[in-house]
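1. build me a structure from this.
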Amino acid sequence: MKRLLVTVLLSGAIAAPAFASDISKGNVGVGYGFDNGGVLSVHGDFDISNMVDKQPVMARVGFDHYSLDYNFGGSYSWSYNVFYGGAYYDFNKVLKLDHRIHPFAGLGIGFGTTSCSGSSCAGAPSPTVGGLYYILGAQYDVTPKIAAELNFNGWGGLSLGANFKF
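-> Just a heads-up that it's a prediction; the model follows:
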């Protein structure tokens, strides 16, 4: 419980400047990563360019969930919940690309919780989750309000998703 409280407080501290920025330049997204047996992801991106000398930087806060099953010496499953926050740089203008294509790269930090279910949980060593988060990918504006995203990130590996702008 203490770890969860610290995680929530740190996530809030990371996210607060992003929420204070112009919310009309943000989006919410969902994704699916193909690593770790399948990772479901929900995130929000917020424009923080006014905080970094008008550079094209977005803050991202999110939540990833995945589960791994084990069947040696008994059957059990570990469930992982990761809360993360960070920022990424949009290389569109630097690379002089079409206004709909947005390659990006970024870093952040994540904190997580794990839980075990199954017949052999008592003897299973508790895994850790969290640490440095990285992301590298591209977004393509399908419509003015929807962008498709392909990225490679720390917990989901190769991931596909969509972002909905507001």
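2. helix, strand or coil for the residue nearest the centre of the chain?
-> Centroid-nearest residue in the chain: G62, 4.6 Å away (criterion: C-alpha atoms, centre = their mean). Recorded secondary structure, G62: strand (DSSP: H, G, I helix; E, B strand; the rest coil).
3. give me the element the residue nearest to it when sequence neighbours are not counted is part of.
-> Nearest in space to G62, with sequence neighbours left out and distances taken as C-beta to C-beta, 6 or more residues apart in numbering, is H43 at 3.1 Å. (Each C-beta comes from the backbone N, C-alpha and C, glycine too.) In this structure, H43 sits in strand 39-47 according to DSSP states H and E.
4. in that strand, what counts as buried?
-> Buried residues in strand 39-47, counting neighbours by 16 or more other C-beta atoms under 10 Å, are found at V39, S41, H43, G44, D45, F46, D47.
5. which is the next helix or strand following the helix or strand of the chain with the lowest mean pLDDT?
-> Among the helices and strands of the chain, helix 2-20 carries the lowest confidence by mean pLDDT, DSSP states H and E, at a mean of 47. Downstream of helix 2-20, the first helix or strand assigned by DSSP H and E is strand 26-33.
6. pull the contacting residues for the residue nearest to G62.
-> V28, G29, V30, G31, R60, V61, G62, F63 (C-beta atoms under 8 Å, 6 or more residues apart in numbering).
7. thought the first one was touching F164?
-> Yes: counting by C-beta atoms under 8 Å, V28 sits close enough to F164 to count as a contact (5.5 Å).
8. ok, longest strand in this protein?
-> Counting residues, the longest strand found in the chain (DSSP state E) is strand 101-118.
9. in terms of secondary structure, what does the helix or strand following that strand contact?
-> Per DSSP H and E, the first helix or strand lying C-terminal to strand 101-118 is strand 130-141. If you count contacts as 3 or more C-beta pairs under 8 Å, 6 or more residues apart in numbering; DSSP states H and E, strand 130-141 packs onto strand 76-90, strand 101-118, strand 146-153.
10. what's the angle between the longest one and strand 130-141?
-> To tie it back to what came earlier, the one meant is strand 101-118. Interaxial angle of strand 101-118 relative to strand 130-141 (axes from the mean of the first three to the mean of the last three C-alpha atoms, to 10 degrees): 140 degrees.
11. parallel or antiparallel, which strands does the longest strand of the chain pair with?
-> Using DSSP bridges, strand 101-118 pairs in its sheet with strand 76-90 (antiparallel), strand 130-141 (antiparallel).
12. for that strand, buried residues please.
-> Per 16+ other C-beta under 10 Å, strand 101-118 contains these buried residues: H102, P103, F104, G106, G108, G110, F111, G112, T114, C116.
13. brilliant, that's me finished.
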